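A.B. asks: Pasted the sequence and its predicted model underneath.
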Amino acid sequence: MKGRIPPILSLWLLLVVAIAIFIGISFSKDITLFNHTLSKARFPETLMAKEEKIPEIIVNDTVAQDTIFIPKEIIQEPDTTVHSVLVFGDSMTHNLAMSIARYGTKNHYKVTGVTWESSSIPGWNNSGKIPEYIEMSQPDFVIISLGSNEMELKNFERRIPDILNIVKQLGELPYVWVGPPLWKEDKGVYAMLEKALPKEVLFKTRNMEIERGGDHVHPTRHGADQWSDSLMSWIKRSSHPILSEKPDSGTSTRGHKFIYLHPND
């Protein structure tokens, strides 16, 4: 029959009309019919909404607890304003400080090394020596080398307040803490340091193979060079990197200062 609309086309026209009515109602205000309010669909807001930026969530994988010191600022590029570095710690420190001084010569900063034989973490905390040597050397950066004389502790947790107070005595000075080069089984030294310090400031020496002296404990000068090379390579990824271009062999340590203290000093 002429003029008759094919059934398939009728269905399409019906669908188009239904969609048009739905869209019209969606963009209209709420409709009240027989004392009932029909709320409009929310898809226009969804369709026309601007993309919202999802806030970045920064996760600190250091254990969240009040006792942990977090670096006040983490920088990416080496701090070229560092002109004086203080290195202090136990008897492991002397050759390490001398080796770091080679980096100081190469990268134009002065190193002051303070080695206190047989010293411990609470010994440094309670001695008053930290502010004394900070005042003397006026450092821009501090390297702490402590933990070797804590190897035989029974209760490592008791040292954590001392660690935190040593860091507190540094004030605003950026620092790294160098863990001891282990010569026997670690019963909890590194677990203690990892609990007290964020990973960005803790250099872990426990798995290093370094040359040691006749006592099979303290690094030789060559072993200290191996140690410092690893430390200064890592320091580029620490919370406050400093210039650490590797010196040539035989680079002089003249112009730097090294202080050696005996147990009763």
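C.D. replies: Happy to help now that I have it.

A.B. asks: what are the phi and psi values for the closest residue in space to Pro247 that isn't next to it in sequence?
C.D. replies: In this structure, Pro247 finds its nearest non-sequential neighbour in Lys106, 3.9 Å apart by CB to CB, 6 or more residues apart in numbering. Yep, even glycine has a C-beta here, placed from its N, CA and C like the rest. Main-chain torsions, Lys106, degrees, to the nearest 10: phi -70, psi -40.

A.B. asks: residues contacting Lys106?
C.D. replies: 245-248, 251 (CB atoms under 8 Å, 6 or more residues apart in numbering).

A.B. asks: Compile those into CSV and extend it with columns for neighbour count, pLDDT and secondary structure.
C.D. replies: Shown next, in CSV, are the contacts of Lys106 (neighbours: other CB atoms under 10 Å; pLDDT from 0 to 100; DSSP: H, G, I helix; E, B strand; the rest coil):
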residue, neighbour count, pLDDT, secondary structure
Glu245, 10, 97, coil
Lys246, 14, 97, coil
Pro247, 21, 97, coil
Asp248, 8, 95, coil
Thr251, 15, 95, coil
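
A.B. asks: any low-confidence regions in the chain?
C.D. replies: 1-13, 15-18, 20-74 (pLDDT under 70).

A.B. asks: helix, strand or coil for the spatially most central residue of it?
C.D. replies: For the chain, the residue sitting closest to the mean C-alpha position, by CA atoms, centre = their mean, is Glu200 at 2.0 Å. Using DSSP: H, G, I helix; E, B strand; the rest coil, the structure places Glu200 in helix.

A.B. asks: you'd agree it is up against Ser238?
C.D. replies: Yes - shown here, Glu200 and Ser238 form a contact pair, counting by CB atoms under 8 Å, at 5.7 Å.

A.B. asks: so what's the residue nearest to the centre of the chain closest to, chain neighbours aside?
C.D. replies: Spatial nearest neighbour of Glu200, excluding adjacent residues (CB to CB, 6+ apart): Ser239 at 3.7 Å.

A.B. asks: how about the strands in the stretch 1-150 of the chain?
C.D. replies: Along the stretch 1-150 of the chain, the stretches classed as strands by DSSP state E, counting those that start in this stretch are 31-33, 36-38, 84-89, 110-116, 141-145.

A.B. asks: Packing partners of the last one?
C.D. replies: Same thing as strand 141-145. Applying 3 or more CB pairs under 8 Å, 6 or more residues apart in numbering; DSSP states H and E, one finds that strand 141-145 contacts strand 84-89, helix 93-107, strand 175-178.

A.B. asks: If you count neighbours, what's buried in the helix or strand that it is followed by?
C.D. replies: Sequence order places helix 160-169 as the next helix or strand after strand 141-145, per DSSP states H and E. For helix 160-169, a neighbour-count test (16 or more other CB atoms under 10 Å) marks 160, 162-167, 169 as buried.

A.B. asks: For helix 160-169, name the packing helices and strands.
C.D. replies: Applying 3+ CB pairs under 8 Å, 6+ apart, we find helix 160-169 packed against helix 121-127, helix 129-137, helix 189-196.

A.B. asks: can I get these in CSV with mean neighbour count?
C.D. replies: Putting the helices and strands packed on helix 160-169 into CSV (neighbours: other CB atoms under 10 Å) gives the following:
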stretch, mean neighbour count
helix 121-127, 18
helix 129-137, 16
helix 189-196, 20
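
A.B. asks: and of the helices and strands packed on strand 141-145, who's closest to Phe156?
C.D. replies: In terms of CB to CB, the element of those nearest to Phe156 is strand 175-178, at 15.0 Å.

A.B. asks: Only C-alpha atoms, please: export the closest one in PDB.
C.D. replies: Taking Å, rounded to 0.1, in the frame of the first residue of the first chain, the C-alpha atoms of strand 175-178 are listed here in PDB:
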ATOM      1  CA  TYR A 175      73.100  14.200  57.000                       C
ATOM      2  CA  VAL A 176      73.500  10.600  56.200                       C
ATOM      3  CA  TRP A 177      74.100   7.700  58.600                       C
ATOM      4  CA  VAL A 178      76.600   5.100  57.500                       C
END
